[in-house]
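Colleague: below are the sequence and a predicted model; questions follow.
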Amino acid sequence: MIKVALAGLFGRKLRTALTAFAIVLGVAMVSGTLVLTGSIDNAFNFIFTSVRQGSDAVVTGKAAVKVSDGQGSFAPTVPESLLDQVRGLSSVTQAEGSVDGTATLIDRKGKAIVLGGAPNLGFSIAEGESPFNPLTLVSGDWPQDGQVVIDHSTANRKHYKVGDQIGVQAEGAVQQFMVSGIVKFGSAASLGGATLAGFDVPTAQRLFQKKGRFDEIAIAKKPGVQEADLLKQVREVLPATAQVRTGEAQAQEDQKDTDQFISFLRDFLLAFGGIALFVGSFVIANSLSITIAQRTRELATMRTLGASRRQVLTSIVVEALVMGVLASVTGLFLGLGLAKLLFRLFDAVGFTLPNSGIIFSASAVIISLVAGIVVTLLASLRPAIRATRVPPIAAVREGAVLPEGRFARFRFPAAIVMTALGFGALAYGLFVPHLGTKQVLLWMGLGTLLVFFGVAILSVRTVGPFAASLARPLRWLLTGAWLGFLFLTPLGWLYQLYYRLRYHEWPTYIDRTAAAALARDNARRNPQRTASTAAALMIGLALVTLVAVLAAGITSSFRGAVEKIWQDADYAITAQNNFSPIPPSAADAVAKSPDVEAVGNVRTGNAAAYGKTFFATAVNPPASTMFNLDWTLGSPQTIATLGDDGAFVDKDYAKSHKLAEGSPIALTFANGVRKQFKLEGIFDPPTGGSPFGRVTISQAAWDANNANPQNLYSFVRMKGGQTDANRAELEKILSGFPNSKVATRQEFVDNQISGLNSVLNVLYVLLALSVIVSLFGIVNTLVLTVFERTREIGMMRAIGMTRRQVRRMIRHESVITAAIGGILGIALGIVLGGLLVARVDFIVFTVPVFSLIVFAIMTVVVGLLAAIFPARRAARLNVLEALQYE
Amino acid sequence: MSANGAVVVANELTRRYGEGEAAVDALRGVSLAVQPGELVAVMGPSGSGKSTLMHLLAALDKPTTGTVTIAGQDVGSLSDSDVTKLRRRNIGFVFQFFNLLPMLTAEENIKLPLSIAGEKPEHEFFEGLIDRVGLQDRLHHRPSELSGGQQQRVAIARALVSRPTVVFADEPTGNLDSQTGGEILQLLRSSAEELGQTMVMVTHDAQAATIANRVLFLADGRIVEELPRSAAPDILAAMARVSA
């Protein structure tokens, strides 16, 4: 029996390949993701362990609240004097202090050298050849006072060599340094797009405004000393705000943020692999169902020869298993290529990742194979069970139909219940308070899955009406597009000319034949098949639409919020990338200009209260005139009068902590200081979101407790308002701060939204994968259908149907199928998006009309593409052979 | 075996399709017994119920009333898996449209019933069978590479390979030209005689019925006439009588 199954599989190579392809892409995505994240993880691992290779122990400042990279807060520093104390310890041979921070390199044109979202690392190098230094010189020397060493990939890219001048911007304005040396990090590992700038210690301390302080002290122990003893000795001399870890532990600590990012990236990408596999399972199930229906007589013959139901089941499952294995292995290797492609994709959207070679781990292999095989097997179960119901008598009866199963009549009620349960699970996940993020995602995932299944089954009922009502408009649409092509594009003119010369007549402009009507009837005659094929596309489109609805909601809410809040300011100053906090020196420089009336700053960073770390913000008095908020306690004036211990919060925060006028809020800052603030204002943020963190205090109070305060953004009011001269003036001042830029209100909104758009594009690209899978589903169904209707098509050709008409017929059927999937998907996507929007307070429901029109057109295009190959096959059928029996 | 030694026994078979007003009685009480080694032909005009009778005798379908006994087993009382076993051990089929599996070679098709049952063919018997059907040089061809006659030979070998109690042949010449049909009939007859293979053949071709030991004539769901081995003209005459 297994031999029969295999012979069947290889006897139908094309069909097998087309069916298997549905799984190949999903597996490729899974394996590609695992390879990609494994490789990134490995690269980071390498980087972080190399950095700490020579350190037996590392002393760092102890942050009182959790501080994350690049979000405005830093761990406190340790005093320089600690270094001598550490050096004096009996178990220490060598120790060095260092400082670090963000140092943006500025090229000859005054532009910041920034590659995607990669960091611009600045640090001190105490002594070139020390064991603590992971860098090696490629050329030149280690830096002296006023010099810098830069990494060789930046040097190569921007053509810098030893002795050249390069700009550096750290906390203050740009300064010029001489490149004393070109360095590289460890062996060949690429640091992604990160740039390196190394200085001698005093220069670095000055640049990062950490005079007399160190961020870290790296320690090497004397031979024979136990690590534990070393740590113990060091701990005795440490102040309360510092801590010591082994080199390894510190490497792990350094890596924490990155690890989180990588596992997020992995889960995120795997989710799309999962979606593609899910869609693939629909395609597989559908293709197998069709093949089984076509093999009814074969299966029945086997039954008459004594094959048991179990043997029939086994043969189908084995077929699926082999297909699953083949597809998964193919997908696995395709995933390797995909990983490389993803590296490029991330590069292209400005998100360069470090890379030290592709890692193909055993777990990546196993997970990909298991996922692909299990999904294929699961998808084959229903068709296989149906196959066991083929009665032996079908061997002698023409056109025998499969009997319905015992539970067939419960199908629709079950589908309705399933859909209802799905929406229930969604609602539960979204609207029941106090669920963890994981639970919310789980419920939503489960709900969406059920809804998709339910609607897929229910959609059988929509095939008839849809096919009937869509056939005509689609025909006109396609005719219109065809005429448009022929008459409006040069290619169309050429085609007409070619046709005229070749066939001595003009091409048919409006085809009044029955092809479209036949296509409609064909789509309707096996509604189950059409519905299943459309369902695969429906899933992809529902998700694409969901994303578009969310994005439109976020965009329009955000725009509305900014338009409401932004008041009486002419320009905003933000980071080049629109979101990173920047040193306040830029805003301070702007404030000095005589043309500037006022600069309102919003500082940002981590702080903690009520046991939770969050983003806090701080404002200066001029900001009071620039924000238009609805105050439920206090007034705009509150911003100006916060003083040393005033604070304001948003309405939600006040409610959840039961805060009222004068309530005390104990804030803990990153440096460990705990300070009592008094509530003076509560505002009701607009739908698009709050411009502030959870708790906002005065800039003065913030700066007193944060060594290197950072601005999230600053707003500038100028004499004469928005004028070209004013703008030029600001840009001139900011040319000393290339990591910052100036924006009008409109530009500010657009900049923020453009970030969202790149995220959106990544999502679309990833979801396109499942749309491609469903496209193959349509191809597959059509190929199988054409095969099934060989005699019928032969008959129609025999009575005068032209090849073109055959192609038209297949194409129309394809477009009708795709359109059904598209309409259901878009409708479902809007509903799902609406549900999500209803949950999230800061988004208003917006229908992205333009995107939806694009999706609808895409759907038709998918239908047209899917039809190309099957239509050609159908048109090429040899009339005589097609009419012969068997 | 039933008391009188018959391998296939039908007792008062009726088969009704549909319900109520639209109900059609395809069989209205048919009883018969096929003795071991017998070749029985069932004839009748279209709609006489001959196909229905064969479906019931071969356990492909269940009678509305009445019983079918094959090799001593009452088919109506068997579960699906028991019927499957019955098919493996006791029943062989020859179809009008051959019903070969297109992806298997001739040899694989012939051996299929055995491999389904998890058995190996006896070498000598298999070789003899191949000689008998004359397919020595066609064994590795697929059905699409064989002529209709050759395909039916493969099908006959497949029906005989497991040495079933009874072979049912459903219009075995219905899809062949008369000369090839004649060759196939000779093959069936010699197999029945030389191997002692019991066969039941449904046909509307008088020429085909001439190879039978006994010809049963059906009309309107009843056996209306029976002939011993007869020549074609006699059979045609009988057909004319029952069709009238």
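Modeller: Ah, there it is. Quick caveat, the model's predicted, so the values are computed rather than measured.
Colleague: how about the least confident helix or strand in chain A by mean pLDDT: buried residues?
Modeller: Here the helix or strand of chain A ranked lowest by mean pLDDT, DSSP states H and E is helix A:879-883, holding a mean of 75. For helix A:879-883, a neighbour-count test (16 or more other CB atoms under 10 Å in any protein chain shown) marks A:882-883 as buried. Just so you know, the C-beta spots here come from the backbone N, C-alpha and C atoms, and that holds for glycine as well.
Colleague: so how far is that helix from its chain's centroid?
Modeller: 51 Å (CA atoms, centre = their mean, to the nearest Å).
Colleague: could you list every helix and strand in contact with it?
Modeller: Using 3 or more CB pairs under 8 Å, 6 or more residues apart in numbering or on different chains; DSSP states H and E, the elements in contact with helix A:879-883 are helix A:790-798.
Colleague: buried ones in the helix it packs on?
Modeller: A:790, A:793-794, A:796-797.
Colleague: can you tell me which of these is nearest chain B?
Modeller: Closest approach to chain B among the buried residues of helix A:790-798 (CB to the nearest CB): A:Thr790, at 13.7 Å.
Colleague: OK, contacts around that closest one?
Modeller: A:877, A:882 (CB atoms under 8 Å, 6 or more residues apart in numbering or on different chains).
Colleague: show me what A:Ile573 bridges to in the sheet.
Modeller: A:Ser714, A:Val742 (DSSP bridges).
Colleague: pLDDT at it, what is it?
Modeller: On the pLDDT scale, A:Ile573 is placed at 92.
Colleague: go on, A:Leu402?
Modeller: 66.
Colleague: please apply the same query to the one 4 residues further on.
Modeller: The model reports A:Arg406 with a pLDDT of 70.
Colleague: cool, A:Ser459 as well?
Modeller: Looking at A:Ser459, its pLDDT stands at 90.
Colleague: which helix in chain B runs the most residues?
Modeller: In chain B, taking DSSP state H as the definition, the longest helix is helix B:178-195.
Colleague: which parts of that one are buried?
Modeller: Counting neighbours by 16+ other CB under 10 Å, one finds that the buried residues in helix B:178-195 are B:180-182, B:184-185, B:187-189, B:191-192, B:195.
Colleague: how far is the helix or strand following it from where the chain is centred?
Modeller: Downstream of helix B:178-195, the first helix or strand assigned by DSSP states H and E is strand B:198-202. What separates the centre of strand B:198-202 from the centre of its chain is 4 Å, taken as CA atoms, centre = their mean.
Colleague: again with stretch A:183-200
Modeller: Its chain's C-alpha centre lies 27 Å from the corresponding centre of stretch A:183-200 when counted by CA atoms, centre = their mean.
Colleague: tell me the buried residues in that stretch?
Modeller: A:183-186, A:189-200.
Colleague: repeat that for stretch A:761-777.
Modeller: By 16+ other CB under 10 Å, the buried positions in stretch A:761-777 come out as A:762-764, A:766-777.
Colleague: and the residue of the stretch 551-700 of chain A closest to chain B?
Modeller: Closest approach between the stretch 551-700 of chain A and chain B, counting by CB to the nearest CB: A:Ala551, at 50.0 Å.
Colleague: identify the residues contacting that residue.
Modeller: By CB under 8 Å, 6+ apart, the contact list for A:Ala551 reads A:756-757, A:760, A:848.
Colleague: and these as a markdown table, adding pLDDT, neighbour count and distance to chain B?
Modeller: Listed next are these as a markdown table, based on pLDDT from 0 to 100; neighbours: other CB atoms under 10 Å in any protein chain shown; distance: CB to the nearest CB, whole Å:
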| residue | pLDDT | neighbour count | distance to chain B |
| --- | --- | --- | --- |
| A:Leu756 | 82 | 14 | 54 |
| A:Asn757 | 85 | 12 | 52 |
| A:Leu760 | 86 | 19 | 48 |
| A:Pro848 | 92 | 21 | 50 |
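Colleague: let's see which of those end up in helices.
Modeller: Among the contacts of A:Ala551, the ones falling in helices (DSSP H) are A:756-757, A:760.
Colleague: low-scoring pLDDT stretches of the chain, where are they?
Modeller: Using chain A here. For chain A, residues meeting the criterion pLDDT under 70 lie at A:1, A:67-72, A:116-117, A:187-190, A:349-353, A:355-356, A:398-405, A:511-513, A:884-886.
Colleague: wrong chain, I was asking about chain B
Modeller: Looking at chain B by pLDDT under 70, you get B:1-4.
Colleague: which bits of it sit near chain A?
Modeller: Applying CB under 8 Å from any CB of the partner chain, we find that chain B lies next to chain A at B:51, B:55, B:58, B:60-61, B:80-81, B:84-85, B:87-89, B:91, B:93, B:95-97, B:99, B:101-104, B:108, B:112-113, B:115-117, B:158, B:162, B:170, B:175.
Colleague: so which residues of the stretch 701-850 of chain A form strands?
Modeller: Assigned strands in the stretch 701-850 of chain A, in chain order: A:710-718, A:740-743 (criterion: DSSP state E, counting those that start in this stretch).
Colleague: winner for burial among those strands?
Modeller: strand A:710-718 (a mean of 23; mean count of other CB atoms under 10 Å in any protein chain shown).
Colleague: identify each buried residue in stretch A:18-25, please.
Modeller: For stretch A:18-25, by 16+ other CB under 10 Å, it's A:18-25.
Colleague: try stretch A:526-538
Modeller: Using 16+ other CB under 10 Å as the test for burial, stretch A:526-538 gives A:526-527, A:529-538.
Colleague: ok, stretch A:446-458 next?
Modeller: Within stretch A:446-458, the residues that count as buried by 16+ other CB under 10 Å are A:446-448, A:450-458.
Colleague: let me know the closest of those residues to chain B.
Modeller: Distance to chain B across the buried residues of stretch A:446-458 (CB to the nearest CB) is lowest for A:Ile457, with 27.8 Å.
Colleague: nearest spatial neighbour of the residue in the stretch 151-300 of chain A that chain B sits nearest to, chain-adjacent residues omitted?
Modeller: Across the stretch 151-300 of chain A, no residue is closer to chain B than A:Glu298, which sits at 5.8 Å (CB to the nearest CB). Computed as CB to CB, 6 or more residues apart in numbering or on different chains, the closest residue to A:Glu298 that is not its neighbour in sequence is B:Leu101, at 5.8 Å.
Colleague: if anything else comes up later, I'll come back, but that's it for now.
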